[in-house]
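Engineer: The following comprises the amino acid sequence and a computationally predicted model.
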Amino acid sequence: QKEVEQNSGPLSVPEGAIASLNCTYSDRVSQSFFWYRQYSGKSPELIMSIYSNGDKEDGRFTAQLNKASQYVSLLIRDSQPSDSATYLCAAYDYKLSFGAGTTVTVRA
Amino acid sequence: GAVVSQHPSWVICKSGTSVKIECRSLDFQATTMFWYRQFPKQSLMLMATSNEGSKATYEQGVEKDKFLINHASLTLSTLTVTSAHPEDSSFYICSARDLYLGTGISYEQYFGPGTRLTVT
């Protein structure tokens, strides 16, 4: 069983809509969670980190963490074409474990 | 802040030669650095973790004699791919972590721009 699983993509949303990305993790030890954005041919870029249950907002991004359900999500509000990328969920125990990624395409 | 650089950004080498890739943390001291490899359409695969001044810890299945890692200072780590072969062609990405961020402990990792290696 994979440690970090993300909802299968690709995800296509119209410009201005909300993109919703989900991630579950199997390791109960994990306490820190991250979302990275990776454009095609580029390296990952950290966009959100979340450590406590609840919501964390940063601009158009909102991360949600539910440790009891071992679930973390990312919402992208007012999606823009520049948000088109692969989003990687990661959980940390003694190292980062990455999900396979969800590719998001925002249609203009 | 939290900028990581890599050099070179791309390299082409002949089979059997060695290639060195440098990773630098530019505005923070990286207590730990990580090396990843990524094949097309696949997720990141952690190759090894290195702490400054100590030997790297390699993930299972990664040949430590083939992928030599040196973390000589808090701002520099190098990965040397020895006797490279075409199957080593990949996107190599380093990542660095500043364990102490402000008054708390941070596990945030910042990635370099990556090095695309092609072995002919």
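Structural biologist: Yes, it's here. The shown structure was predicted, so the numbers you read here are calculated from the model rather than taken from an experiment. Numbers count the residues shown, from 1 in each chain, chains lettered A, B, ... in the order given.

Engineer: check contacts around A:Thr24.
Structural biologist: A:Thr24 makes contacts with A:Val4, A:Glu5, A:Ser69, A:Gln70, A:Tyr71, A:Val72, as judged by Cβ atoms under 8 Å, 6 or more residues apart in numbering or on different chains. Backbone N, C-alpha and C define where each C-beta goes, glycine included.

Engineer: Now do the same for the residue lying closest to the fourth one once chain neighbours are set aside: its pLDDT.
Structural biologist: Counting by Cβ to Cβ, 6 or more residues apart in numbering or on different chains, the nearest residue to A:Gln70 once its immediate chain neighbours are dropped is A:Tyr25, at 5.2 Å. Model confidence at A:Tyr25, expressed as pLDDT, equals 90.

Engineer: do the same with the one 10 residues further on
Structural biologist: A:Trp35 is assigned a predicted lDDT (pLDDT) of 96.

Engineer: so what secondary structure elements neighbour the lowest-mean-pLDDT helix or strand in chain A?
Structural biologist: Least confident helix or strand of chain A, by mean pLDDT, DSSP states H and E, is strand A:96-98 with a mean of 88. Where contact means 3 or more Cβ pairs under 8 Å, 6 or more residues apart in numbering or on different chains; DSSP states H and E, strand A:96-98 is packed against strand A:85-92.

Engineer: which residues are contacting the strand it packs on?
Structural biologist: A:3-4, A:6, A:21, A:23, A:25, A:27, A:30-40, A:44, A:72, A:74, A:96-99, A:101-104, B:43-44, B:107.

Engineer: interface residues of chain B facing chain A?
Structural biologist: Residues of chain B lying close to chain A (Cβ under 8 Å from any Cβ of the partner chain) are B:34, B:42-44, B:46, B:49, B:93, B:106-114.
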